[in-house]
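Q: Attaching a predicted model along with its sequence, questions to come.
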Amino acid sequence: MAAPASEVSAFEVGACKGQKVVDGEAIPLVLRPSSGPGKSSAEALVAALAANRAWFEEQLVRHSAVLLRGFDVADAVEFNDIVEAFGWEDIRYVGPAPRTHIHKRVWTANEGPLSEFIYYHHEMVLIKEFPGKVILFCEVPPPEGGETPFVPSFKVTEKMIEEFPEHVKEMEEKGLRAKALGMDMEWLADGGVKTILGPRPLTRVFPGRKERRMWFNTVVGMHGKDISSAELADGSEIPAHVVRRCGEIIEEESIQFKWEKGDVLFLDNLATLHGRRPSLPPRKVLVATCK
Ligand SMILES: [Fe+2]
């Protein structure tokens with residue numbers, strides 16, 4: 001086991017509004033610069049991350065999310081340096097969201113209208129090779145709204161089992177498929193779509209994450225509430241009240257924090273769902289995705 005967060009001298013453990021304690025761990029873990037001249041510069045941050053890669057990755061898996069706050073990260077170039085400090089392999093975004101390439105590994109986050117709620121999802125959940133990490137950087141914090149809430153995915157599974165044991169069992173046993181097509185699909189790197197015949201699992205367990213069952217599916221659709229984008233693999237519908245309540249559970253379990261300029265948020269994409277609340281302009285949040 002790597003040292004706890006308090007033992008790496010480049011960082012001080014902080015707190016943020018909206019932070020929760022889940023299973024004894026703060027989520028997100030907030031890391032701030034330790035006091036001393038130059039400690040908050042982007043260069044110092046990149047050096048500290050590069051020197052503590054394994055430790056940082058372990059913190060990310062343990063806490064599911066890490067927020068770097070209080071560092072002077074100014075733009076896409078500095079954000080890219082942070083992303084590249086780890087040596088994690090890049091994974092190119094494929095899917096429906098409109099995005100613009102900014103610099104090297106950095107893209108705009110979803111450019112869909114700011115007035116829309118982008119519903120909670122695991123990034124690229126319908127794609128065979130999804131990212132392990134989603135890294136977000138706030139260049140311009142929104143004046144109002146525009147939060148990027150995220151949810152410990154296993155908590156959703158836990159609550160769903162508690163409230164709908166029979167439905168969860170049925171969905172788990174039969175598997176799911178995309179509703180609109182009557183079959184499942186996968187986005188390809190060239191922008192095409194491949195159809196899949198086999199059913200998709202409701203939940204997934206990933207190595208190193210306490211055997212937690214992640215709610216890795218699209219039962220609650222991208223538009224949320226009672227519009228599910230999944231159905232059972234045998235063609236039967238997921239009851240509307242189950243989908244609706246699932247949407248509420250996701251909201252109840254979510255972690256809400258306010259973006260501050262220069263924030264860098266690391267999400268374990270295997271363990272968290274994330275979304276975007278409607279926002280007043282301007283809002284500039286950039287993203288990089290890694291294996
Ligand atoms: Fe996303």
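A: Alright, I've got the coordinates.
Q: Check this structure for me, the residue farthest from its geometric middle.
A: When distances are taken from the C-alpha mean of the chain, Pro37 lies farthest, 32.9 Å away, according to C-alpha atoms, centre = their mean.
Q: does that residue count as helix, strand or coil?
A: coil (DSSP: H, G, I helix; E, B strand; the rest coil).
Q: tell me the contacts of it?
A: Shown in contact with Pro37 (C-beta atoms under 8 Å, 6 or more residues apart in numbering): no residues. Bear in mind the C-beta positions are built from the backbone N, C-alpha and C, glycine included.
Q: how about the nearest residue to Pro142, chain neighbours excluded?
A: Distance criterion C-beta to C-beta, 6 or more residues apart in numbering; nearest residue to Pro142, sequence neighbours excluded, is Arg283 at 3.8 Å.
Q: Let me know the pLDDT of that neighbour.
A: Per-residue pLDDT puts Arg283 at 96.
Q: who touches it in this structure?
A: Leu114, Val140, Pro141, Pro142, Gly146, Trp259.
Q: ok, now how distant is it from Val66?
A: Here Arg283 is placed at a distance of 22 Å from Val66 (C-beta to C-beta, to the nearest Å).
Q: How about the backbone phi and psi for the residue nearest to Lys155 when sequence neighbours are not counted?
A: Of all residues not flanking Lys155 in the chain, Glu253 sits nearest, at 4.5 Å (C-beta to C-beta, 6+ apart). With angles defined as degrees, to the nearest 10, Glu253 sits at phi -90, psi 0.
Q: related to what we said a few turns ago, export the contacts of Arg283 to a markdown table and tack on neighbour count and secondary structure?
A: Below are the contacts of Arg283 laid out as a markdown table (neighbours: other C-beta atoms under 10 Å; DSSP: H, G, I helix; E, B strand; the rest coil):
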| residue | neighbour count | secondary structure |
| --- | --- | --- |
| Leu114 | 18 | coil |
| Val140 | 14 | strand |
| Pro141 | 18 | coil |
| Pro142 | 21 | coil |
| Gly146 | 22 | coil |
| Trp259 | 23 | coil |
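Q: And the residues you listed, which is closest to Gly132?
A: When the contacts of Arg283 are compared for distance to Gly132 (C-beta to C-beta), Trp259 wins out at 22.8 Å.
Q: pretty sure that closest one contacts Gly146?
A: Yes: between Trp259 and Gly146 there is a contact under C-beta atoms under 8 Å: 6.8 Å.
Q: tell me, what's touching the two both at once?
A: Counting by C-beta under 8 Å, 6+ apart, the common neighbours of Trp259 and Gly146 are Arg283, Val285.
Q: how close does the residue farthest from the centre of the chain sit to Asp23?
A: For Pro37 relative to Asp23 (C-beta to C-beta), the value is 38 Å.
Q: and what of Pro33?
A: Distance of Pro33 to Asp23, given as C-beta to C-beta: 28 Å.
Q: Next: Leu267.
A: Taking C-beta to C-beta, one finds Leu267 at 17 Å from Asp23.
Q: The two: which is more packed in?
A: Regarding Leu267 and Asp23, a neighbour count based on other C-beta atoms under 10 Å identifies Leu267 as having more, with 26 against 12.
Q: what about that one, which helix or strand?
A: strand 264-268 (DSSP states H and E).
Q: Dump the helix or strand that that strand is followed by to PDB, keeping only the CA atoms.
A: Helices and strands here follow DSSP H and E; after strand 264-268, the next one along the chain is strand 272-276. Output of strand 272-276 as PDB, limited to C-alpha atoms (Å, rounded to 0.1, in the frame of the first residue of the first chain):
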ATOM      1  CA  THR A 272     -17.900   7.000 -10.900                       C
ATOM      2  CA  LEU A 273     -20.600   8.300 -13.100                       C
ATOM      3  CA  HIS A 274     -20.400  12.000 -14.000                       C
ATOM      4  CA  GLY A 275     -22.700  14.500 -15.500                       C
ATOM      5  CA  ARG A 276     -23.000  18.300 -16.200                       C
END
